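>>> Sharing a sequence plus its predicted fold:
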Amino acid sequence: MSASAALSTIEGRVGVSDPPVAAGITLAPPRPNPATTGAVLRFALPRAANVRLAIYDTSGRRVRLLTSGATPAGEHVVSWDLSDDGGHAVGAGLYFARLDAEGRTFTGKLTTFR
């Protein structure tokens, strides 16, 4: 068997199927982490979808809405300047980036230092 044939076999997915709703949706870990001046969040959609990406504190309170609405398929990059919805700098601590898309929720942790 050739190397390319072996690779195809290894990468192939026989008898395994992803959930139809969330297949291919990804939220990468926020970077840098810990963050001191800002953070970058990356997510990918296999098809166009309504999304909502927001930052929450440990009590579950929304700190900042980063994006919301119809979003095309593909990879997306959103920056967070470590400020809240009012434009005030957030304090040092643990925050959660939450992506809602196609009825599913994806979460990443982010620590901030000032």
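Yep, that arrived.
>>> give the contact list for the residue nearest the centre of the chain.
Central residue of the chain (C-alpha atoms, centre = their mean): residue 27, 2.8 Å from the mean position. Shown here is residue 27, whose contacts under the criterion C-beta atoms under 8 Å, 6 or more residues apart in numbering are 41, 42, 43, 97, 99, 106, 107, 108. Where you see a C-beta, it was placed from the backbone N, CA and C, and this is true even at glycine.
>>> Out of these, name the ones that lie in strands.
Per DSSP state E, strands hold the following members of these: 41, 42, 43, 97, 99, 106, 107, 108.
>>> Which members of these are classed as buried?
Among the ones in strands among the contacts of residue 27, those that count as buried by neighbour count (16 or more other C-beta atoms under 10 Å) are 41, 43, 97, 99, 106, 108.
>>> and which of those residues is nearest residue 84?
Nearest to residue 84 among these is residue 97, at 14.1 Å by C-beta to C-beta.
>>> Residue 33 is in contact with that closest one, correct?
No. Using C-beta atoms under 8 Å, residue 97 is not in contact with residue 33, being 10.1 Å away.
>>> who touches both of the two?
Overlap of the contact sets of residue 97 and residue 33 (by C-beta under 8 Å, 6+ apart) consists of 109, 110.
>>> before we move on, back to that, so can I have TSV of the contacts of residue 27 showing distance to residue 60?
Putting the contacts of residue 27 into TSV (distance: C-beta to C-beta, whole Å) gives the following:
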residue	distance to residue 60
41	19
42	24
43	21
97	14
99	16
106	16
107	12
108	15
